[in-house]
Structure formats: structure tokens, C-alpha cells
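A.B. asks: what would the 3D arrangement of this be:
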Amino acid sequence: FVGREQLTSDLVERISAFPAHPIVVIGPSGSGKSSLLRAGVVAALRHQDDVVVLAAPTTLGDGARQAEAGSVLVVDQIEEVLGGDEAGAGRLVSELAGASARGVAVVIALRSDFFDQALAIEPFPSWVAQGLVVVPPLGAEDLRRVVLEPARAVGIAVEPALVDVLVAEAGEGAGPDRLLDSGALPLVSHALW
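C.D. replies: As a prediction, the model looks like this:
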């Protein structure tokens, strides 16, 4: 997992301190939140021998109530329950609050276009105020690393012109410091596939 090493390291450090409130990881659709959590943070925590439960909000079930103190609960794509069933969303947030109060490190991934809906459910606003982590767009050089380093690790050479085209198509503006367009990562992944 490359391209988000610093953000991964910062999140692992925050989670390992077992904050008294959930950490809310937010970013636009396609920004790489799920990859950051799954391939970066969860993998790093498990490498440290931490007990990590990774769940989708629709399949969490009793997992939040059964998570033990000292473990980590990562709920990816919480927006899946925010769009319709207000009572269900409220119950889920209440269960996550209960897990956090029991000493479980709770990490929630939220798509930024559902931010307003999340803020309407207590105690989500205080979680955001205390534990917000924004997933910014990747820069052009990080995208080059995302394409090249995994390929190199398995002995595959990637044509430099292909990388130039991918970076140009996925980014805004000119120059090596430009950022990817929002949602470009899934398109780059599809193009590489």
C-alpha cells in the first residue's frame, strides 16, 4: 500500500492511543478512504497484533456490542445507513458510541456528501469536532508511486508514457504538485485493470 504512508501512520498512532471518541475519516467518493483503512490502517494494526474488526454498517449486527475493550472497530461506508432509515442510523451511531465508551477504538469512514446527514445524528457532531480526519486528493507524484511501486514489487515494468497519460487524465492543472480530480482513483484502477 503506497501513496498514503504518512496519513496511515498518523491514523495508526491516533487509533493506538484509544481515543475517548470515535475517529471519523471523511473524503469524497473515490478519494481512497476504503483503501486507506483496509490496505493501510487495518493491515498496519494487524501487523502490530491488534485485534481489528472491519465491518460495513449494514452487516455490523451485534459486532459493535460484542467488541471488547482494547480492540479496534472499523466501520467503512457508514453512509450506507444514513440515506433512508433514520431510526436505524440512530441505533447504529448509539451502538458505536457504546463501543467507544467501553474502550473500543472506533473508526468510521464517511463519504463527504453525507456529512450533513451524519451531523443530524447525536453524538456525531462531537465526534467530528474531536476526531475528524480528512482524506485529501492524492498528488500527481503519489499517483505515480501508486501505479509503479506495486508493479515493481511483482516484477512488472510499466511503460512511462502510460503513467504520464494516467497522471494527466486523473489530475487537474499542470505540474508535479497538482492533485487528482475527486473520484479519479477508481477510474485509474479500472484503466490499469
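A.B. asks: next one: stretch 151-161 to chain centre, how far?
C.D. replies: Chain-centre distance of stretch 151-161: 26 Å, with C-alpha atoms, centre = their mean, to the nearest Å.
A.B. asks: start at 28, not 1
C.D. replies: Yep, numbering from 28; the last one is stretch 178-188 now.
A.B. asks: which stretches of the protein form helices?
C.D. replies: All helices of the chain, identified by DSSP state H, fall at 32-43, 60-62, 70-74, 90-93, 113-128, 142-146, 151-158, 167-180, 187-197, 211-219.
A.B. asks: pull out the buried positions in the fifth one.
C.D. replies: Of the residues in helix 113-128, Ala116, Leu119, Val120, Glu122, Leu123, Ala124, Ala126, Ser127 count as buried by neighbour count, 16 or more other C-beta atoms under 10 Å. C-beta: built from backbone N, CA, C; applies to glycine.
A.B. asks: can I get these in JSON lines with pLDDT?
C.D. replies: What follows is the buried residues of helix 113-128, written out as JSON lines (pLDDT from 0 to 100):
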{"residue": "Ala116", "pLDDT": "85"}
{"residue": "Leu119", "pLDDT": "87"}
{"residue": "Val120", "pLDDT": "89"}
{"residue": "Glu122", "pLDDT": "89"}
{"residue": "Leu123", "pLDDT": "91"}
{"residue": "Ala124", "pLDDT": "92"}
{"residue": "Ala126", "pLDDT": "91"}
{"residue": "Ser127", "pLDDT": "93"}
